Structures are given as structure tokens and as C-alpha cells.
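Q: can't give you the sequence, but here's the structure:
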Ligand SMILES: Nc1nc2c(ncn2[C@@H]2O[C@H](COP(=O)(O)OP(=O)(O)O)[C@@H](O)[C@H]2O)c(=O)[nH]1
Ligand SMILES: [Mg+2]
């Protein structure tokens, strides 16, 4: 129940704009792969961080919304959790 009520912060944007770098900076850990190559993040990456005055928050890194790879198209089609979230953005 506690897990369901936890606030979630999603990082969305085009490929290669620094989304994974941002989640790594927020968590202070290498939780998501950062690369020059667009389309490196193929699956959502979640990490729980503690925000002072707020408490535990789930931060979520996502593939680029313009990811045209086979997996990206699969996500964009709404087949996975990311696709469903992107439909709402
Ligand atoms: N110049 C600059 N490059 C950045 C910055 N943040 C990330 N990068 C670089 O941009 C590229 C893509 O970063 P990444 O975090 O993988 O982007 P993502 O595809 O949105 O997850 C990598 O080569 C990073 O080193 C930034 O603030 N400034
Ligand atoms: Mg990424």
C-alpha cells in the first residue's frame, strides 16, 4: 500500500537529450546507461530516492519518445508501461 501511494517522477523527452544523465545526477548513482548513441535506454529504469521534506519518491527514466527502433515502436504502440504513460503525456 505504501508503495502504491509513493509519488512518481517520470523523465520524458526525445532521444539523447540527457534523461539518463539526469536520473543518474538525481540519484547520485549510475542507475541508467548514458551514451552518445541514441536509443540506448530501451526499458524504463526506476529508482527510489529520498527527497528532504517529501519522503521516498520513485524516479523513472524512459526511452526517448521519438525512439523509432523496433522496441521503441513496441513501446509507442502502448504495448508496455512506457507506451501507456507516453499516451497520457
Ligand atoms: N553537453 C552536454 N551533454 C550532455 C548533457 N547531459 C548529457 N549529455 C550527453 O548527451 C548524451 C546523451 O545523454 P543520455 O543521458 O544518454 O541521454 P538520453 O538518451 O536522453 O537518456 C551523452 O553523450 C551525454 O554525455 C549536458 O548537460 N550537456
Ligand atoms: Mg537514456
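A: Received it, and whenever you're ready, just let me know what you need. Keep in mind it's a predicted model, so treat the numbers as computed, not measured. Ligands and ions are numbered 1, 2, ... in the order given.

Q: Would you map the strands across the protein?
A: Assigned by DSSP state E, the chain shows strands spanning 8-11, 45-51, 55-61.

Q: Export those to JSON lines and append columns for distance to residue 21 and mean neighbour count.
A: In short, each C-beta sits where N, CA and C put it, glycine included. Putting the strands of the chain into JSON lines (distance: least, CB to CB, whole Å; neighbours: other CB atoms under 10 Å) gives the following:
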{"stretch": "strand 8-11", "distance to residue 21": "10", "mean neighbour count": "15"}
{"stretch": "strand 45-51", "distance to residue 21": "12", "mean neighbour count": "14"}
{"stretch": "strand 55-61", "distance to residue 21": "10", "mean neighbour count": "16"}
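
Q: Can you lay out those as a markdown table showing mean pLDDT and distance to residue 32?
A: Below are the strands of the chain laid out as a markdown table (pLDDT from 0 to 100; distance: least, CB to CB, whole Å):
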| stretch | mean pLDDT | distance to residue 32 |
| --- | --- | --- |
| strand 8-11 | 95 | 9 |
| strand 45-51 | 94 | 4 |
| strand 55-61 | 95 | 5 |
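
Q: wait, which of those is closest to residue 28?
A: Between residue 28 and the strands of the chain, the shortest separation by CB to CB is 8.5 Å, and it involves strand 45-51.

Q: Identify all contacting residues around that closest one.
A: Strand 45-51 is contacted by residues 6, 20, 23, 26-27, 29, 31-32, 56-61 when judged by CB atoms under 8 Å, 6 or more residues apart in numbering.

Q: partners of that strand, with directions?
A: When pairing is defined by DSSP bridges, strand 45-51 lines up against strand 55-61 (antiparallel).

Q: related to what we said a few turns ago, the contacts of strand 45-51 also near ligand 1: which ones?
A: residue 20 (CB under 6 Å from any ligand atom).

Q: and which of the contacts of strand 45-51 is nearest ligand 2?
A: Proximity of the contacts of strand 45-51 to ligand 2 (CB to the ion) peaks at residue 20, which lies at 3.3 Å.

Q: who's in contact with the closest one?
A: Taking CB under 8 Å, 6+ apart as the criterion, residue 20 is in contact with 32, 33, 34, 40, 41, 45, 61.
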